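>>> Got a sequence here, can you build the structure:
(chains A, B, C and D)
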2 protein chains.
Amino acid sequence: MLYFLVVTEKKSVERQTQWLRGVLDLAVLALLAESGEDYGYTLVRRLDEAGLPGMRPGTLYPLLNRLDSEGLVRSEWRAGSGGPGRKFFQLTGQGRAVLAEQGPLWTEFAENATAVLERGMNS
Amino acid sequence: MLYFLVVTEKKSVERQTQWLRGVLDLAVLALLAESGEDYGYTLVRRLDEAGLPGMRPGTLYPLLNRLDSEGLVRSEWRAGSGGPGRKFFQLTGQGRAVLAEQGPLWTEFAENATAVLERGMNS
DNA sequence: TTTACTATTTGGCGAGACAAACTAGTATGT
DNA sequence: ACATACTAGTTTGTCTCGCCAAATAGTAAA
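Okay, the predicted model is just below:
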């Protein structure tokens, strides 16, 4: 019974991380748009607070570098005030454009998916 | 310029297919809950009508078999009235339980993600 | 018998998320 | 001085799942 609980809980976590696929990068762009700039470590916290928990460094940092090499963000090393150096990221014009273009598409998709699930659950 | 258009359009499509990860199976369970039973070919159409377009047979059929082997649906071959045989799927109790448990989690996740994106877009 | 529509199967590919281990700078308590 | 803990970022190998393409086949209409 405990085993069952553990398994289903693990499965839920795995599923939620699947859900992040494809929208995590938009979420990061959105957080950068909101704060002007930020670095990886605190972005993890902000994602967590925003209800998108469980981000691992091995997920976020490669993503940030990917966004960088795609030109959606730019990065700059700065000395850390208390702690090691930090790589600050900020949105580029291109990044802002992608966010403006893809954000509404996500909203629409999410609404459609939610509608399907709720119709199914109420039958 | 045309090249650019083609590329960004392709990227959008790619992104939307990423969004399906982890929720496509719930959507299929929901459609089966709604209709009692159904088979692959028409599920593609129903997904399309529900705003989750572009499903390929190479995606849906393996998914249905996965759900079958996980015990979330059960399947039965029946002769097709006009056309080849059809493999009908219907929800099991376990499938219904998974839908009831995971569906609300999706709703919550989708709302959180949407909120983050919208805060980002309005700043 | 050719064409078109319906229906399912199979195989290979690739993006990206994970876990885990690693490097390192700073701060705190003893 | 030393151990410990916290902050910060990197690297590597593995796995899932959705994609594309192509094969297989039954039925129906021309």
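
>>> Ramachandran angles for the residue nearest the centre of chain A?
Chain A has A:Leu24 as the residue nearest its centroid, 2.9 Å off, counting by C-alpha atoms, centre = their mean. Here is the backbone geometry of A:Leu24 (degrees, to the nearest 10): phi -60, psi -40.

>>> Also the one 3 residues further on?
Taking degrees, to the nearest 10, you get phi -60, psi -40 for the backbone angles of A:Ala27.

>>> quick one: contacts for it?
By C-beta atoms under 8 Å, 6 or more residues apart in numbering or on different chains, the contact list for A:Ala27 reads A:20, A:47, A:50, A:52, B:113, B:116-117, B:120. Every C-beta, even on glycine, is put in place using the N, C-alpha and C of the backbone.

>>> Mind doing that once more with 6 Å?
B:Val116 (C-beta atoms under 6 Å, 6 or more residues apart in numbering or on different chains).

>>> What separation do you get for it and A:Phe109?
In this view, A:Ala27 and A:Phe109 are 14 Å apart by C-beta to C-beta, to the nearest Å.

>>> In three-state terms, label A:Gly51 for me.
At A:Gly51 the chain is in coil, as set by DSSP: H, G, I helix; E, B strand; the rest coil.

>>> Distance-wise, check it relative to DNA strand C.
14 Å (C-beta to the nearest atom of the strand, to the nearest Å).

>>> do A:Pro57 as well
Going from A:Pro57 to DNA strand C by C-beta to the nearest atom of the strand gives 6 Å.

>>> What's the per-residue pLDDT of that residue here?
Per-residue confidence (pLDDT) for A:Pro57: 92.

>>> and it, how many neighbours?
A:Pro57 sits with 10 neighbouring residues when counted by other C-beta atoms under 10 Å in any protein chain shown.

>>> A:Val116 now?
Using other C-beta under 10 Å, A:Val116 is surrounded by 26 other residues.
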